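Trainee: pasted the sequence and its predicted model underneath.
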Amino acid sequence: MFELHPQLAKDGILVGDFRLSRLLLINDKQYPWFVLVPRRPGMTEIFQLDEVDRVQLLKESCLLAQVMTTVFATQKLNIAALGNMVSQLHVHHIARYPSDPAWPAPVWGKAPAVPYSENDRVERIAVMREALTAHLVDGKFSNG
């Protein structure tokens with residue numbers, strides 16, 4: 001059975017579910033930052049997914065990247081599946097700008113996270129849900 005790693009549950013806010021992956025907003029308002037977590041137990045690496053799931057993950061990642069590029073008018077998008085701290089397979093999608101606090105370096109460890117205010121969190125999730133509504137499973141969303 002799929003269970004979200006406790007660190008991802010702590011750092012992330014549920015946006016919704018794609019066919020394969022859970023979509024989380026990382027609670028750091030310094031960056032538009034989302035994570036896809038394939039809902040398959042025991043996965044730590046992309047190659048461990050069967051071929052159908054690998055293709056689906058790539059489709060979901062590309063869709064998320066396209067939407068983020070449009071919604072956030074980003075100059076660069078960082079996409080990475082690191083797993084050094086959290087081994088559960090997850091793929092980061094981070095919109096980057098020359099004005100962000102970590103530019104041009106990776107975001108990890110550069111500045112402490114700045115949590116969203118409730119209004120900003122609700123607004124950010126609503127924008128993404130609206131942009132992705134046709135692709136999220138059954139339109140079932142958490143209230144954040």
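Mentor: Okay, I see it.
Trainee: after the lengthiest helix in the chain, which helix or strand is next?
Mentor: The helix that spans the most residues within the chain, counting by DSSP state H, is helix 51-71. Using DSSP states H and E, the helix or strand that follows helix 51-71 in sequence is strand 76-80.
Trainee: which other helices and strands contact that next one?
Mentor: Here strand 76-80 touches helix 51-71, strand 91-96, going by 3 or more CB pairs under 8 Å, 6 or more residues apart in numbering; DSSP states H and E. Yep, even glycine has a C-beta here, placed from its N, CA and C like the rest.
Trainee: any chance of these in a markdown table, with mean pLDDT too?
Mentor: Rendered in a markdown table, the data for the helices and strands packed on strand 76-80 read as follows (pLDDT from 0 to 100):
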| stretch | mean pLDDT |
| --- | --- |
| helix 51-71 | 98 |
| strand 91-96 | 98 |
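Trainee: and those, which is most packed in?
Mentor: Greatest average neighbour count among those goes to strand 91-96 (a mean of 21), per mean count of other CB atoms under 10 Å.
Trainee: just give me how far that one sits from the chain centre.
Mentor: Its chain's average C-alpha position is 7 Å from that of strand 91-96, according to CA atoms, centre = their mean, to the nearest Å.
Trainee: partner strands of that strand, parallel or antiparallel?
Mentor: Next to strand 91-96 in the sheet, as set by DSSP bridges, lie strand 33-38 (antiparallel), strand 76-80 (antiparallel).
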